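S.K.: show me the folded form of this:
(chains A and B)
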Amino acid sequence: DVKVTQSSRYLVKRTGEKVFLECVQDMDHENMFWYRQDPGLGLRLIYFSYDVKMKEKGDIPEGYSVSREKKERFSLILESASTNQTSMYLCASSSSDRAGYGYTFGSGTRLTVV
Amino acid sequence: QKEVEQNSGPLSVPEGAIASLNCTYSDRGSQSFFWYRQYSGKSPELIMFIYSNGDKEDGRFTAQLNKASQYVSLLIRDSQPSDSATYLCAVNSATSGTYKYIFGTGTRLKVLA
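M.R.: Take a look at the predicted model:
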């Protein structure tokens, strides 16, 4: 069964900490995405990547960075966590060859910053 | 105007009825359209995609696309309590790039037993 795996289901961090959220996919997908989901705001794109070592800003990149050193892994980094970054974080991947076939999402990481 | 709009609901239907979920989009160049189901506390899962005008059926689900009117809908026949979830519409926009989708905020569906 194809999968997108996010390393943590729940995470609690302190304000100012550097936070790493990891995402790994086993489908050999070229495209990977990081979203956050908040009530009433829907899914908002933070960063995405079409290839190894490539990244592009999404709609809300401020306070975040990403790393894609290997095709299967896409990491989201909160440089200095703040309480307004408390949210559900969703990683997704898709194939460039089958771009019209939608994303596969990971199970999500619920991050609380205290 | 939001790029992808959905009524937030909740939409309540009795068990066995047809649930009709609607989505409008603003970019006429959009090419691919998706419906995701998201249970509370879970991540979205893809249930339907459609590219061409008209209807596409998969089991109890039918996606309908009308590019001239810029709307896409999802019909769920014989609704079951297990269909209770939030349904997200996603659109591939010509301006956002082929591989990047824009999501609506979702419609919450409640199927009453």
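
S.K.: and the closest residue to chain B within chain A, bridged to which residues?
M.R.: Taking C-beta to the nearest C-beta, chain B has its nearest neighbour within chain A at residue A:42, 3.7 Å off. Heads up, the C-betas are built off the backbone N, CA and C, glycines and all. Beta-bridge pairing of residue A:42 under DSSP bridges involves residue A:38.

S.K.: next up, the contacts around it.
M.R.: Taking C-beta atoms under 8 Å, 6 or more residues apart in numbering or on different chains, we find residue A:42 in contact with B:88, B:103-106.

S.K.: ranking those residues by neighbours, who comes first?
M.R.: Tallying neighbours with other C-beta atoms under 10 Å in any protein chain shown puts residue B:88 at the head of the contacts of residue A:42, with 27 neighbours.

S.K.: report pLDDT for that residue.
M.R.: Among the per-residue scores, residue B:88 shows a pLDDT of 97.

S.K.: am I right that it falls within a helix?
M.R.: No. Note on residue B:88: no helix contains this position according to DSSP: H, G, I helix; E, B strand; the rest coil, which reports strand.

S.K.: that one contacts residue B:43, correct?
M.R.: No. In terms of C-beta atoms under 8 Å, residue B:88 does not count as a neighbour of residue B:43; the distance is 10.7 Å.

S.K.: coming back round to it: from residue A:93, how far out is the residue of chain A closest to chain B?
M.R.: Counting by C-beta to C-beta, to the nearest Å, the gap between residue A:42 and residue A:93 amounts to 20 Å.
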